[in-house]
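> Any chance you can model this:
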Amino acid sequence: MNPQDIKKIYIIAICGTGMASLAGLLKESGFDVSGSDTNIYPPMSTLLADLDIPVKPGFKRENIAKDIDLVIIGNAVSKSNEEVQAVLDLKIPYTSFPSALARFFLEGRKSLVVTGTHGKTTTTALLSWVLHASGKKPGFMVGGWLKNFDRNYRVPESDYFVTEGDEYDTAFFDKGPKFLHYRPLAAILTGIEFDHADIYDDLDHFKSAFRKFVKIIDPNGFLLVNSADTNSKDILNDASCPVETYGLTEPADWHAGDYRFESGVGCFTLNHKGLEVGTIRLPMIGRHNVENAVAVAAVAIKLGVPAEEVCRSFTTFKGIKRRQEVVGEKNGVVVLDDFAHHPTAIGLTIEGVKEAYPEGRVWAVFEPRSATSRRNVFQEIFPPSFAGAHETIIARPYSQDNIPPEERLDPERLVQDIERSGGKGRYIPDVEDIVETIAKDSRAGDVVLVMSSGGFSGIHQKLLESL
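Numbering: from 1, shown residues only. Modelled structure (predicted):
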């Protein structure tokens, strides 16, 4: 079915971050959009309500009407779902989220994809903003909430579209990675480390997804790869396009020079193969974000944006919610919210916070919540990640019931290993007890860094109320 023949679209599991954003893109493009979900809560429920997109609570067979032209099925939905069964019985055309994104928004456009284990949300957001501020006005879909736009998507006003490329599987009827649908003209690969232990067997299996991805990049396009990442180097022979590297130092083709952090801003020169291109002032903390900015600047310049405009665009970037976001400050204690859940991301985030708050003690509060962090895959790797914190608090891992006991992360052992390596740690299962502990033991100047890939039972506001 051609997009021009479609008017009424129904989305099963519409309240996911990506699905709600796709619903917004479709609604603003003139389609009649509705859907259903069992988890209806902000910010995506608010976004859908503001767009006047009806959302039905729960998955019920009667929600599927015969006059629906297309159904988009989320990857969290199984074939046994009542609504899916109704779609199959009524023979209504259906597709997946990434396939729909490609069909309606990437076809005929210059697709720019950011992928990798770490930093892809921030890098996608930065690229979207830099191209927008430089007048390219791309469409985009990002896994985080961009403060510049107060949303995480935008309908394209040009032939560019920026997408966060996820290596997770697509749907029950398509077990391939989402990013294989995105038809990239150009891409950024931030690095590869094992993740998603629920669907990938090991690192080699994980790398295989990225090998397939680099093969489908347009031969007339290009790929930017983090020069420091050894796992990415292993797949570059499969790339179908020219490859350049980026990083903090030479010998990366694109690299930062003279880096310094001043008054909440990372300042550095952008260099390309030994030549200074310009100066960037990045209102973000952490050297890992400098790396992300170098990659974004390189892509924008290679797409023809003048280097002066590219460098200037970074200064107006307002950040992303849940990425080192200052939630509030009470009695001299700053509370930060971050999405970090992989050992490498945790270590880099703590390092960046210490750089931004050199006089403060950093409390690292971590909820193992992602499918991988709840497992013991990183049991031995987690402890060094917390080394930079003044004290680490590990909360009860989120919902381990569906994980075999022998595969579960042991939080008490994790704390013991943190202390054996010279750090300070506590296992405090419940949020209320964590809040009480920090309220009692913190002091003015401290920074509480809360890390979780979920809501963490509203701990941020509870901390601010208790401090």
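> Residue 175 - how many residues pack around it?
Residue 175 has 10 neighbouring residues, counting by other Cβ atoms under 10 Å. In short, each C-beta sits where N, CA and C put it, glycine included.
> I'd assumed residue 169 was in contact with it.
Yes: taking Cβ atoms under 8 Å as the definition, residue 175 is a contact partner of residue 169 at 4.9 Å.
> now the residue nearest to the spatial centre of the chain: how far from residue 81?
With distances taken as Cα atoms, centre = their mean, the chain has residue 121 as the residue nearest its mean C-alpha position (3.5 Å). Distance, residue 121 to residue 81, by Cβ to Cβ, to the nearest Å: 28 Å.
> before we move on, what about residue 279?
Residue 279 is 53 Å from residue 81, by Cβ to Cβ.
> out of the two, which sits in the busier spot?
Counted by other Cβ under 10 Å, residue 279 and residue 81 do not tie: residue 81 has more neighbours, with 19 against 15.
> could you check the distance from that one over to residue 12?
Where residue 12 is concerned, residue 81 sits at a distance of 7 Å (Cβ to Cβ).
> Using the record, which stretches count as separate domains in the chain?
As assigned by automatic domain parsing, the chain contains the domains 3-95, 108-316, 325-466.
> roughly how far is the second one from the heart of the chain?
Right, the one you point to is domain 108-316. 12 Å (Cα atoms, centre = their mean, to the nearest Å).
> With the shortest one instead?
Distance of domain 3-95 from its chain centroid, counting by Cα atoms, centre = their mean, is 23 Å.
> quick revisit: need the residues touching each of residue 175 and residue 169.
Common contacts of residue 175 and residue 169, defined by Cβ atoms under 8 Å, 6 or more residues apart in numbering, comprise residue 199.
> before we move on, back to that, mind putting the domains of the chain into CSV with mean pLDDT?
What follows is the domains of the chain, written out as CSV (pLDDT from 0 to 100):
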stretch, mean pLDDT
domain 3-95, 93
domain 108-316, 94
domain 325-466, 92
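> I'd like those laid out as a markdown table, including distance to residue 101.
Output for the domains of the chain, formatted as a markdown table (distance: least, Cβ to Cβ, whole Å):
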| stretch | distance to residue 101 |
| --- | --- |
| domain 3-95 | 6 |
| domain 108-316 | 7 |
| domain 325-466 | 22 |
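> can you tell which of those domains is closest to residue 102?
Proximity to residue 102 (Cβ to Cβ) singles out domain 108-316 among the domains of the chain, at 4.6 Å.
> Ends of the closest one, what's the gap?
The first residue of domain 108-316 is 30 Å away from its last residue (Cα to Cα, to the nearest Å).
> quick one on the thing from earlier: pull up the overlap in contacts between residue 81 and residue 12.
residue 59.
> Who are the contact partners of residue 149?
Per Cβ under 8 Å, 6+ apart, neighbours of residue 149: none.
> Need the phi and psi values for it.
Phi and psi for residue 149, reported as degrees, to the nearest 10, are phi -110, psi -10.
> Just the buried positions in the helix or strand harbouring residue 461, please.
Assessed by DSSP states H and E, residue 461 sits inside helix 459-466. Residues of helix 459-466 classed as buried by neighbour count (16 or more other Cβ atoms under 10 Å): 459, 460, 462, 463, 464.
> quick check, nearest of those to residue 206?
Taking Cβ to Cβ as the measure, residue 206 lies nearest residue 459 of the buried residues of helix 459-466, at 30.6 Å.
> What distance do you get for the closest one to residue 46?
Note on residue 459: its distance to residue 46, by Cβ to Cβ, is 21 Å.
> Equivalent analysis for residue 129, please.
From residue 129 to residue 46 the distance is 22 Å (Cβ to Cβ).
> quick one, which of the two is more surrounded?
residue 129 (26 against 11).
> Isn't residue 232 up against residue 191?
Yes: between residue 232 and residue 191 there is a contact at 5.9 Å, judged by Cβ under 8 Å.
> joint contacts of these two?
116, 226.
> out of these two, which sits in the busier spot?
Using other Cβ under 10 Å as the criterion, residue 232 and residue 191 rank with residue 232 on top: 24 against 21.
> Does the more buried one belong to a helix, a strand or coil?
Secondary structure state of residue 232, per DSSP: H, G, I helix; E, B strand; the rest coil, is helix.
> give the contact list for it.
Residues counted as contacts of residue 232 (Cβ under 8 Å, 6+ apart) are 116, 189, 191, 192, 210, 225, 226.
> how close does it sit to residue 85?
Residue 232 is 42 Å from residue 85, by Cβ to Cβ.
> what packs against the helix or strand residue 352 falls within?
In this assignment (DSSP H and E), residue 352 forms part of helix 343-356. With contacts taken as 3 or more Cβ pairs under 8 Å, 6 or more residues apart in numbering; DSSP states H and E, helix 343-356 sits against helix 287-302, strand 362-366, helix 382-385, strand 447-451.
> nearest to residue 220, of those?
Minimum separation from residue 220 across the helices and strands packed on helix 343-356 (Cβ to Cβ) falls at helix 287-302, 12.0 Å.
> Direction-wise, compare the closest one with helix 343-356 and give the angle.
100 degrees (axes from the mean of the first three to the mean of the last three Cα atoms, to 10 degrees).
> need the helices for this structure, in chain order.
In the chain, the segments counted as helices under DSSP state H are 17-28, 44-50, 82-90, 97-101, 120-133, 203-215, 230-233, 287-302, 307-313, 343-356, 382-385, 411-420, 431-441, 459-466.
> if you compare those, which one is most tucked away?
The highest mean neighbour count among these, using mean count of other Cβ atoms under 10 Å, belongs to helix 120-133: a mean of 27.
> what's the angle between it and helix 17-28?
Orientation of helix 120-133 against helix 17-28 (the same axes, to 10 degrees) gives an angle of 30 degrees.
> So which other helices or strands are in contact with helix 120-133?
Partner elements for helix 120-133 (3+ Cβ pairs under 8 Å, 6+ apart): strand 110-115, strand 139-146, strand 160-164, helix 287-302, helix 307-313.
> tell me the angle the fourth one makes with strand 160-164.
Angular relation of helix 287-302 and strand 160-164 on a 0 to 180 degree scale: 160 degrees, by the same axes, to 10 degrees.
> Dump helix 287-302 to CSV, restricted to CA.
Extracted in CSV, the C-alpha atoms of helix 287-302 (Å, rounded to 0.1, in the frame of the first residue of the first chain):
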residue,chain,number,x,y,z
ARG,A,287,34.9,15.0,27.6
HIS,A,288,32.6,12.3,26.1
ASN,A,289,30.3,15.0,25.0
VAL,A,290,33.2,16.8,23.4
GLU,A,291,33.8,13.7,21.3
ASN,A,292,30.1,13.7,20.3
ALA,A,293,30.3,17.4,19.3
VAL,A,294,33.4,16.7,17.1
ALA,A,295,31.5,14.0,15.3
VAL,A,296,28.5,16.2,14.8
ALA,A,297,30.6,19.2,13.5
ALA,A,298,32.4,16.9,11.1
VAL,A,299,29.1,15.6,9.6
ALA,A,300,27.6,19.1,9.3
ILE,A,301,30.7,20.4,7.6
LYS,A,302,30.9,17.4,5.2
